[in-house]
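> missing the sequence, but the structure's below:
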(Lines give C-alpha, C1' and ligand atoms only; values in the text may rest on other atoms or scores of the structure.)
Protein backbone atom coordinates (compact mmCIF):
# COMPACT_ATOMS: atom_id res chain seq x y z
CA UNK A 1 0.00 0.00 0.00
CA UNK A 2 2.81 2.41 0.87
CA UNK A 3 4.52 1.81 -2.49
CA UNK A 4 1.23 2.45 -4.33
CA UNK A 5 0.64 5.71 -2.44
CA UNK A 6 4.19 6.77 -3.16
CA UNK A 7 3.63 6.26 -6.91
CA UNK A 8 0.34 8.14 -6.75
CA UNK A 9 1.87 11.08 -4.90
CA UNK A 10 4.87 11.20 -7.23
CA UNK A 11 2.53 11.14 -10.22
CA UNK A 12 0.21 13.81 -8.84
CA UNK A 13 3.18 16.08 -8.08
CA UNK A 14 4.32 15.71 -11.71
CA UNK A 15 1.05 17.08 -13.11
CA UNK A 16 1.25 20.56 -14.59
CA UNK A 17 0.26 23.36 -12.24
CA UNK A 18 -3.26 24.55 -12.99
CA UNK A 19 -4.28 21.37 -14.83
CA UNK A 20 -7.60 21.89 -16.57
CA UNK A 21 -10.05 19.84 -18.62
CA UNK A 22 -8.50 17.09 -20.73
CA UNK A 23 -5.01 17.39 -19.24
CA UNK A 24 -5.17 14.01 -17.50
CA UNK A 25 -5.15 11.07 -19.90
CA UNK A 26 -6.58 7.77 -18.65
CA UNK A 27 -6.03 4.58 -20.63
CA UNK A 28 -8.90 2.10 -20.72
CA UNK A 29 -8.09 -1.57 -21.36
CA UNK A 30 -11.45 -3.34 -21.55
CA UNK A 31 -12.65 -6.02 -23.98
CA UNK A 32 -16.37 -5.72 -23.18
CA UNK A 33 -17.53 -2.98 -25.53
CA UNK A 34 -20.50 -1.76 -23.48
CA UNK A 35 -18.47 -1.50 -20.30
CA UNK A 36 -15.64 0.23 -22.17
CA UNK A 37 -18.04 2.76 -23.69
CA UNK A 38 -19.65 3.47 -20.32
CA UNK A 39 -16.29 4.07 -18.62
CA UNK A 40 -15.19 6.23 -21.54
CA UNK A 41 -18.32 8.40 -21.44
CA UNK A 42 -18.21 8.77 -17.66
CA UNK A 43 -14.53 9.74 -17.65
CA UNK A 44 -15.06 12.27 -20.43
CA UNK A 45 -18.08 13.69 -18.58
CA UNK A 46 -15.82 14.12 -15.54
CA UNK A 47 -13.33 16.11 -17.65
CA UNK A 48 -10.69 13.47 -18.31
CA UNK A 49 -9.21 12.58 -21.69
CA UNK A 50 -9.58 8.90 -22.56
CA UNK A 51 -6.87 6.92 -24.31
CA UNK A 52 -8.57 3.96 -25.97
CA UNK A 53 -10.51 1.99 -25.07
CA UNK A 54 -8.29 -0.88 -26.12
CA UNK A 55 -9.95 -4.26 -26.54
CA UNK A 56 -6.83 -6.42 -26.90
CA UNK A 57 -3.43 -6.83 -25.29
CA UNK A 58 -1.38 -6.04 -28.45
CA UNK A 59 -3.21 -2.75 -29.12
CA UNK A 60 -2.90 -1.76 -25.48
CA UNK A 61 0.82 -2.49 -25.43
CA UNK A 62 1.26 -0.46 -28.61
CA UNK A 63 -0.55 2.48 -27.01
CA UNK A 64 1.95 2.46 -24.16
CA UNK A 65 4.66 3.15 -26.75
CA UNK A 66 2.85 5.93 -28.58
CA UNK A 67 0.53 7.66 -26.09
CA UNK A 68 1.05 9.72 -22.97
CA UNK A 69 -0.71 7.84 -20.17
CA UNK A 70 -1.31 9.46 -16.77
CA UNK A 71 -3.41 6.66 -15.24
CA UNK A 72 -5.17 3.48 -16.37
CA UNK A 73 -8.22 1.31 -15.80
CA UNK A 74 -7.32 -2.30 -16.62
CA UNK A 75 -9.61 -5.26 -17.18
CA UNK A 76 -7.60 -8.27 -16.01
CA UNK A 77 -8.66 -10.50 -18.91
CA UNK A 78 -8.35 -8.86 -22.34
CA UNK A 79 -9.86 -11.25 -24.87
CA UNK A 80 -8.31 -14.26 -23.14
CA UNK A 81 -4.94 -12.68 -22.28
CA UNK A 82 -3.80 -11.34 -18.91
CA UNK A 83 -3.32 -7.57 -18.86
CA UNK A 84 -0.31 -8.05 -16.58
CA UNK A 85 2.30 -7.03 -19.22
CA UNK A 86 0.53 -3.65 -19.43
CA UNK A 87 0.43 -3.35 -15.64
CA UNK A 88 4.14 -4.23 -15.47
CA UNK A 89 5.00 -1.36 -17.82
CA UNK A 90 2.73 1.08 -16.02
CA UNK A 91 4.23 0.10 -12.68
CA UNK A 92 7.75 0.54 -14.06
CA UNK A 93 6.78 4.02 -15.31
CA UNK A 94 5.19 4.78 -11.90
CA UNK A 95 1.84 5.37 -13.59
CA UNK A 96 -1.13 4.63 -11.32
CA UNK A 97 -3.61 1.99 -12.43
CA UNK A 98 -6.59 0.14 -11.07
CA UNK A 99 -7.66 -3.39 -11.96
CA UNK A 100 -11.33 -3.60 -12.95
CA UNK A 101 -12.44 -7.21 -13.02
CA UNK A 102 -15.59 -9.28 -12.95
CA UNK A 103 -13.78 -12.49 -12.18
CA UNK A 104 -12.59 -13.93 -8.90
CA UNK A 105 -8.94 -13.36 -9.74
CA UNK A 106 -8.06 -11.14 -6.77
CA UNK A 107 -5.55 -13.60 -5.27
CA UNK A 108 -3.74 -13.92 -8.61
CA UNK A 109 -3.61 -10.14 -9.00
CA UNK A 110 -2.43 -9.51 -5.46
CA UNK A 111 0.26 -12.18 -5.76
CA UNK A 112 1.84 -10.17 -8.57
CA UNK A 113 0.74 -6.61 -7.70
CA UNK A 114 0.21 -6.60 -3.91
CA UNK A 115 -0.34 -2.84 -3.67
CA UNK A 116 -2.58 -2.37 -6.71
CA UNK A 117 -6.21 -1.41 -6.16
CA UNK A 118 -8.92 -3.72 -7.48
CA UNK A 119 -12.53 -2.78 -8.28
CA UNK A 120 -15.17 -5.36 -9.02
CA UNK A 121 -17.12 -4.90 -12.27
CA UNK A 122 -19.16 -2.98 -12.86
CA UNK A 123 -17.66 -0.21 -10.75
CA UNK A 124 -18.81 3.38 -10.78
CA UNK A 125 -16.27 5.68 -12.41
CA UNK A 126 -16.17 7.75 -9.23
CA UNK A 127 -14.88 4.66 -7.40
CA UNK A 128 -12.30 3.94 -10.12
CA UNK A 129 -11.10 7.55 -9.89
CA UNK A 130 -10.96 7.32 -6.10
CA UNK A 131 -8.74 4.24 -6.38
CA UNK A 132 -6.48 6.21 -8.73
CA UNK A 133 -6.36 9.09 -6.20
CA UNK A 134 -8.03 11.40 -8.73
CA UNK A 135 -10.91 13.82 -8.16
CA UNK A 136 -14.40 12.75 -9.27
CA UNK A 137 -14.44 15.68 -11.69
CA UNK A 138 -11.90 18.10 -13.13
CA UNK A 139 -14.12 19.83 -15.61
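Arrived safely. Note that this is a predicted model, so its numbers are computed, not measured.
> tell me which strands and helices the one helix or strand residue 73 maps to is in contact with?
Using DSSP states H and E, the element containing residue 73 is strand 71-74. Where contact means 3 or more Cβ pairs under 8 Å, 6 or more residues apart in numbering; DSSP states H and E, strand 71-74 is packed against strand 25-29, helix 84-92, strand 97-101. Yep, even glycine has a C-beta here, placed from its N, CA and C like the rest.
> Strands along the protein, start to end?
Along the chain, the segments classed as strands by DSSP state E run 25-29, 49-54, 71-74, 77-78, 81-82, 97-101, 118-120.
> got a list of what residue 123 touches?
residue 100 (Cβ atoms under 8 Å, 6 or more residues apart in numbering).
> ok, it to residue 135 distance?
17 Å (Cβ to Cβ, to the nearest Å).
> Give me the average confidence score over stretch 36-55.
Average pLDDT, stretch 36-55: 96.
> what number of residues lie near the nearest residue to residue 47 once chain neighbours are set aside?
Distances taken as Cβ to Cβ, 6 or more residues apart in numbering place residue 139 nearest to residue 47, at 2.5 Å, with adjacent residues excluded. Neighbour count of residue 139, defined by other Cβ atoms under 10 Å: 11.
> Would you mind putting the strands of the chain into a markdown table with distance to residue 91 and mean neighbour count alongside?
Shown next, in a markdown table, are the strands of the chain (distance: least, Cβ to Cβ, whole Å; neighbours: other Cβ atoms under 10 Å):
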| stretch | distance to residue 91 | mean neighbour count |
| --- | --- | --- |
| strand 25-29 | 13 | 24 |
| strand 49-54 | 17 | 20 |
| strand 71-74 | 10 | 27 |
| strand 77-78 | 17 | 18 |
| strand 81-82 | 14 | 16 |
| strand 97-101 | 8 | 24 |
| strand 118-120 | 14 | 16 |
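> can you put the ones you listed in TSV and add distance to residue 129?
Output for the strands of the chain, formatted as TSV (distance: least, Cβ to Cβ, whole Å):
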stretch	distance to residue 129
strand 25-29	9
strand 49-54	13
strand 71-74	9
strand 77-78	21
strand 81-82	24
strand 97-101	9
strand 118-120	10
